[in-house]
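[1] fold the following and give me the result.
(2 chains)
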Amino acid sequence: MPLVLPDDFQFSQSALQDYADCHRRFFLRWVTRRRYPAPESEPMRAFEARMELGERFHQIVEQHLAGVPAEALRTALGGDPDGDETLAGWFERCLKTALTDLPPQQRAEITLSMPLADRRLVAKFDLLAIQPGARAVILDWKTAPRIPSRDELAGRWQTLLYPYVLAKAGAYLNGGKPFAPDQISLIYWFAEAPDQPVIFAYDDASHARAESRLNDLVTDLLARPNEEAAFPLTSDLTRCRFCAYRSYCERGTQAGDVLGAEVEGVKESPVLALDLDQVAEIAF
Amino acid sequence: MIKPEQLTPLQSQAASLPATGRFFLEGPAGTGKTTAAVARLLRLLNEGAPADSILIIAPQPTLALPYIEALRRADLPPGGQARVTTVSGIAREMTALFWGQIAPSAGFTSAAAPPTFLSLETAQYVMAQIIDPLVKDQGYFETVTLPRGRLYSQLIDNLNKAAVVGFPHTEVAERLKPAWAGDPASLRMYDEVQEAINRFRAYCLDHNLLDFSLLIETFMRHGLPVCSETLFRRASHLILENVEEDTPAAHQVFRSWLARCESAFVLFDSDAGYRRFLGADEDSASDLRAFCDRTLDFSDSLVASPDVQALTAELAHIMGQYAEHVQGDPAAAFDYNLARFAPESLDWAADGAAELIRQGAPPGEIVIVAPFMSDALRFSLIERLRERGVAARSHRPSRALRDEPVVRALLALARLANPAWGLFPDARDLAYALMASLSAGETGALDLARAHLLAFTAYPKSDHPARLAPFESLPPEIQERITYTVGEKYDRLREWLEAHIRATAAPSTESKPRRGRRRTLEAAARLDPALDHFFSRLFGEVLSARGFGLHKDLIAADAVAALVESARGFRATLERIAAFDGAAAMDDSVISREYVRMVEAGVIANQYIGAWQRPDADAVLVAPAYTFLMNNRPAAHQFWLDAGGRGWSERIYQPLTHPVVLSRSWAAGDVWDGDSEDAYRRETLFRLVVGLLRRCRTAVHLGIAELSETGGMDQGLLLEVFNRLLRRLNEPADGTTGSSAQREGRVDDL
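    Numbers count the residues shown, from 1 in each chain, chains lettered A, B, ... in the order given. Predicted coordinates:
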């Protein structure tokens, strides 16, 4: 029996990254749609606190871009009994380093979608800054403590997908004409290293490469039978330490430690690179 | 894309209306209004309207599903995303976004601190903190007998009614008191209601807490003017689905938006308003007609057969309501089964569904409804259907977490692992917990008898704090009976729990941790004794491991996930309240104990949305009648169980609030007496029956048991109405031999 994706399934960078990381993980998370409440990483509380900070940061930037003056937000951050100096610091750095020299039309938390196979492919952008007819900048806020290398980021589906979706589905933001690939760029901005953003330019070749990889992945996925065994486990056991399904897959019971000594050997922990879009989707 | 040939002329006309203008689509359920609106949505998108200029609002998410499904179609052009939401969803989003501007004028203590949105369960917890001392020390609510959870929920309901109807919450008592027809000595309960909700509201304002009522009030009075500019910077096309199920507050929002939007479709179901108990107001919805440029009347049913329509008209007539005559045979649209006991009715319904499927009916075209669907009824029905090879699905709006066996197991283990709470499980609870935790596969199975033996032997009541004994310390004959395979798993679970006990009891300044696995477990627990994390670790590190009870059990995993989510939400709210008070971080142990206490009392964690989020469309639906209505998907065959029951027309016992007295339609000074209640019941039954029939293509099958599920002998209004119908059908006005059903001997007095 061919693969049956849930009626409400949409392709996204999280789903594609899961498939790339571990076919079984994709099957469990996106096909069976069952939640699995084991810890993803330890220490849970520190990780949770970090995620909450990240979420609040996204919201503060969105508030600012919706018209709330920076001064009002500064006051709020200063008076928040539950707040954190970190957040205020991130906001200041963002104002000084990320929100300058951007194209004038700025839209926070915007989602674009396009057809892919018999589904839709969606991308949710932290910020799109547009100068119609000239350029479009995608900004993605990263608030994790660890700064991934450029190579790591280049290998992630988000890097491939976001400019691709903007090129394919952004015409309505550009007076009805699609942005040319070389008008698009993607910036990863790091709250913990605001002066070291990683910028990816985009061009026709990148666009063709993205389309080809995307089609290959979807063809490979849809050719699989609708059974768990057709979705093999990853051979990289490191990933299992940061995957909640580890006990289901009999790949251990203890979550990896993202902050302690155990993290030193981890090069590509999904948790370390986790972003909020991914978290929102995980929560299905 | 909906093809033009799939639409009726009226639907085509509606879908092709200009992209400017406001249109009111009115008519009974099943006449194709939603299909027309979806067709229009697709047309707008295909003609180039930016998707993010479209805003679709439904009273509840299930009613928005046709739009969500349409927007996921692969044949739609690339672009932005239309927004599909509810009024409270918009209110929450906008209140969070513009909090700094809204909070000061709305009376919150601090605009600097962010808002905390309360769920129903956390709102009930906060209400409990405010009310419990009044109940205990001042004798509040002595005149009513209610489970504590329902007391809190009715108090909160009063606040919600005030917010959605649009009167100050301080007027609740003065509205309820004059309508009271009971013992005047009981009137003091309304003063107590008023005091309780006043205190709750003041506490919320002091702590930036927004329950549903305060969210709506804040948004209506302070948020709407601030956010409309942002919202309508892009949104210019509105689709307002099932406005009759929304509240006057929502209608006020719609009125202001109708004045600003470029185009609007307003969909109104006549004879509906099933959410009246939540404040839905059909009259206020109907007033939206005046804000539209044109009305389109949808009157021809695309669902019900002529026979079903004739049956609807007959029943409406019997219930004293006007209904247009339809050519058809009402008796051909229903049959019934009389049984002595309720289980026989269930067998009849399961047999009937199986037979219909055998004759070619798709399972998804069959629904089995009852006014209320208890766990036992649902389980019995689904089991009977499965025994007959019939796939079944169950839709319920919510399921109490404490009703899930795996959740009860985790709660028992949590109590055992946290002796400081002083909430020790009894051996019986523990036996169930051990059975759920340790039983796996044929070799590792632990049946209930042996689980009891293990629990009663290894968990001595006399020892406090009670701890599980090591397996090797049990008498050899017991060990043998339990089996060593199970004993090994038992010890692993016991060690894990012991490690948690030691770690959470140890002072945090403990020096060098010990080595090995024990060190890891204890260090983790000491740093982080939060209950949600405890559940998560217990599941991930023990119970879901190979050989344990939850290994590869994704349904149980889903229930544990709901528990973890609920406990996390509870902790987050309490931590924010504590932080707001300037208190040191609240002790996790206190939060955890409170959570367990509240779950077991049924006060919180009562809103677990279960399997209905993943419906299998090609299966027989088993659901409460109102849930089926709110799904808004028709079926060819409907089995109505417990047709003699009173639940079809009676409202739940709510002495502290009132859906009608607190509505806009209530005239000040009127008294709610027996006649009012009777009229309300008849009105409720009319709406429910007509609503179900309008979603029925072919036939209704009534299941009547002399003795109900609870053993009582009910003679509800529905039965009375059908009896009158049968008498009418047996008295042909033209002197002929009556209907086809009579001739076949199917129709007799019930």
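[2] now the closest residue to chain A within the stretch 401-550 of chain B: how far from residue A:51?
    In the stretch 401-550 of chain B, no residue comes nearer to chain A than residue B:540, which is 2.6 Å away by C-beta to the nearest C-beta. Just so you know, the C-beta spots here come from the backbone N, C-alpha and C atoms, and that holds for glycine as well. Residue B:540 sits 18 Å away from residue A:51, taking C-beta to C-beta, to the nearest Å as the criterion.
[3] more neighbours: these two, which one.
    Shown here are residue B:540 and residue A:51; by other C-beta atoms under 10 Å in any protein chain shown, residue B:540 has more neighbours (27 against 16).
[4] how is chain B divided into domains?
    Using automatic domain parsing, the domain parsing of chain B gives B:4-94+B:218-297, B:116-207, B:306-398+B:613-743, B:402-600.
[5] what distance separates the start and the end of the shortest one?
    To tie it back to what came earlier, the one meant is domain B:116-207. Using C-alpha to C-alpha, to the nearest Å, one end of domain B:116-207 lies 8 Å from the other.
[6] related to what we said a few turns ago, and the closest residue to the residue of the stretch 401-550 of chain B closest to chain A other than its chain neighbours, helix, strand or coil?
    In this structure, residue B:540 finds its nearest non-sequential neighbour in residue A:38, 2.6 Å apart by C-beta to C-beta, 6 or more residues apart in numbering or on different chains. Here residue A:38 is coil, with the state taken from DSSP: H, G, I helix; E, B strand; the rest coil.
[7] ok, residue A:38 - how many residues close by?
    That count, for residue A:38 with other C-beta under 10 Å as the rule, works out to 26.
[8] same thing with residue A:118?
    Residue A:118, neighbours per other C-beta under 10 Å, totals 10.
[9] how far away is it from residue B:72?
    10 Å.
[10] do the same with residue A:144
    Separation of residue A:144 from residue B:72 (C-beta to C-beta): 31 Å.
[11] neighbour count: those two, which is higher?
    Per other C-beta under 10 Å, whichever of residue A:144 and residue B:72 has more neighbours is residue A:144, with 20 against 16.
[12] Three-state assignment for the residue of the stretch 401-550 of chain B closest to chain A, please.
    helix.
[13] can you check residue B:56 too?
    Residue B:56 ends up strand, using three-state DSSP.
[14] wait, it sits on residue B:84?
    Yes. Look at residue B:56 against residue B:84 with C-beta atoms under 8 Å: they come within range, at 4.5 Å.
[15] joint contacts of those two?
    When contacts are counted by C-beta atoms under 8 Å, 6 or more residues apart in numbering or on different chains, residue B:56 and residue B:84 are jointly contacted by B:64, B:67.
[16] which of these two has more neighbours?
    Neighbours were counted for residue B:56 and for residue B:84 using other C-beta under 10 Å; residue B:56 has more, 24 against 21.
[17] what sits against that one?
    Shown in contact with residue B:56 (C-beta under 8 Å, 6+ apart): B:41, B:64, B:67, B:82, B:83, B:84, B:85, B:238, B:239, B:241.
[18] likewise residue B:249?
    Residue B:249 neighbours (C-beta under 8 Å, 6+ apart): B:87, B:163, B:164, B:165, B:166, B:216, B:220, B:279.
[19] residue B:91 versus that one, what's the distance?
    9 Å.
[20] give me the common contacts of the two.
    With C-beta under 8 Å, 6+ apart, residue B:249 and residue B:91 have common neighbours residue B:216.
[21] quick revisit: for the residue nearest to residue B:540, phi and psi?
    phi -70, psi 160 (degrees, to the nearest 10).
[22] hmm, residue A:256 and it touching each other?
    No. Using C-beta under 8 Å as the test, residue A:38 is too far from residue A:256 to be in contact (11.9 Å).
[23] tally up the residues packed near the residue of the stretch 251-400 of chain B found nearest chain A, please.
    Using C-beta to the nearest C-beta, the single residue of the stretch 251-400 of chain B nearest to chain A is residue B:364, 13.1 Å away. By the criterion of other C-beta under 10 Å, residue B:364 has 18 neighbours.
[24] my guess is it contacts residue B:618, does it?
    Yes. When contacts are counted by C-beta under 8 Å, residue B:364 is listed as touching residue B:618 (4.8 Å).
[25] which helix runs longest in chain A?
    helix A:44-65 (DSSP state H).
[26] helix/strand/coil for residue B:228?
    helix.
[27] which elements pack onto the longest helix of chain A?
    Here helix A:44-65 touches helix A:70-79, helix A:85-93, strand A:105-116, strand A:119-131, strand A:135-142, helix A:276-282, helix B:87-97, helix B:531-537, going by 3 or more C-beta pairs under 8 Å, 6 or more residues apart in numbering or on different chains; DSSP states H and E.
[28] how about 7 Å then?
    In terms of contact count using 3 or more C-beta pairs under 7 Å, 6 or more residues apart in numbering or on different chains; DSSP states H and E, helix A:44-65 is assigned the packing partners helix A:70-79, helix A:85-93, strand A:105-116, strand A:135-142, helix A:276-282, helix B:87-97, helix B:531-537.
[29] residues contacting the residue of the stretch 651-750 of chain B found nearest chain A?
    Taking C-beta to the nearest C-beta, chain A has its nearest neighbour within the stretch 651-750 of chain B at residue B:695, 20.9 Å off. Going by C-beta atoms under 7 Å, 6 or more residues apart in numbering or on different chains, residue B:695 touches B:29, B:30, B:303, B:634, B:635.
[30] residue B:593 now?
    By C-beta under 7 Å, 6+ apart, the residues touching residue B:593 are B:421, B:423.
[31] so which bits of the helix or strand encompassing it are buried?
    Taking DSSP states H and E as the definition, residue B:593 sits inside helix B:588-600. Within helix B:588-600, the residues that count as buried by 16 or more other C-beta atoms under 10 Å in any protein chain shown are B:588, B:591, B:592, B:593, B:594, B:595, B:596, B:598, B:599, B:600.
[32] and the second one, how far from residue B:310?
    Think residue B:591. 60 Å.
[33] cool, and the fourth one?
    When distances are taken as C-beta to C-beta, residue B:593 and residue B:310 turn out to be 60 Å apart.
[34] quick one: contacts for residue A:106?
    So residue A:106 contacts A:65, A:127, A:129 (C-beta under 7 Å, 6+ apart).
[35] next: residue B:8.
    Here residue B:8 is in contact with B:32, B:302 (C-beta under 7 Å, 6+ apart).
[36] for residue A:163, same thing?
    Taking C-beta under 7 Å, 6+ apart, one finds A:138, A:184, A:186, A:202, A:206 in contact with residue A:163.
[37] can you check residue B:455 too?
    Listed by C-beta under 7 Å, 6+ apart, the contact set of residue B:455 reads B:427, B:430, B:431, B:434.
[38] now swap in residue B:417 and tell me
    Residue B:417 neighbours (C-beta under 7 Å, 6+ apart): B:497, B:500, B:501.
[39] I'd like to know which of those are buried.
    Buried, going by 16+ other C-beta under 10 Å: B:497, B:500, B:501, out of the contacts of residue B:417.
[40] could you find the closest non-adjacent residue to residue 98?
    Answering for chain A, as no chain was given. Per C-beta to C-beta, 6+ apart, closest to residue A:98 is residue A:189, 4.6 Å.
[41] the chain in question should be chain B.
    residue B:226 (4.9 Å).
[42] one more: residue A:227?
    Nearest non-adjacent residue to residue A:227 (C-beta to C-beta, 6+ apart): residue A:1, at 7.6 Å.
[43] is the one you found in contact with residue A:224, as I believe?
    No. Look at residue A:1 against residue A:224 with C-beta atoms under 7 Å: they stay out of range, at 10.5 Å.
[44] neighbour count for these two, which is higher?
    Using other C-beta under 10 Å as the criterion, residue A:1 and residue A:224 rank with residue A:224 on top: 17 against 6.
[45] for the more buried one, give me phi and psi.
    Torsion angles, degrees, to the nearest 10, at residue A:224: phi -80, psi 150.
[46] ok, it to residue A:9 distance?
    14 Å.
[47] returning to that earlier point: tell me which of the contacts of residue B:455 is nearest to residue B:479?
    residue B:434 (14.5 Å; C-beta to C-beta).
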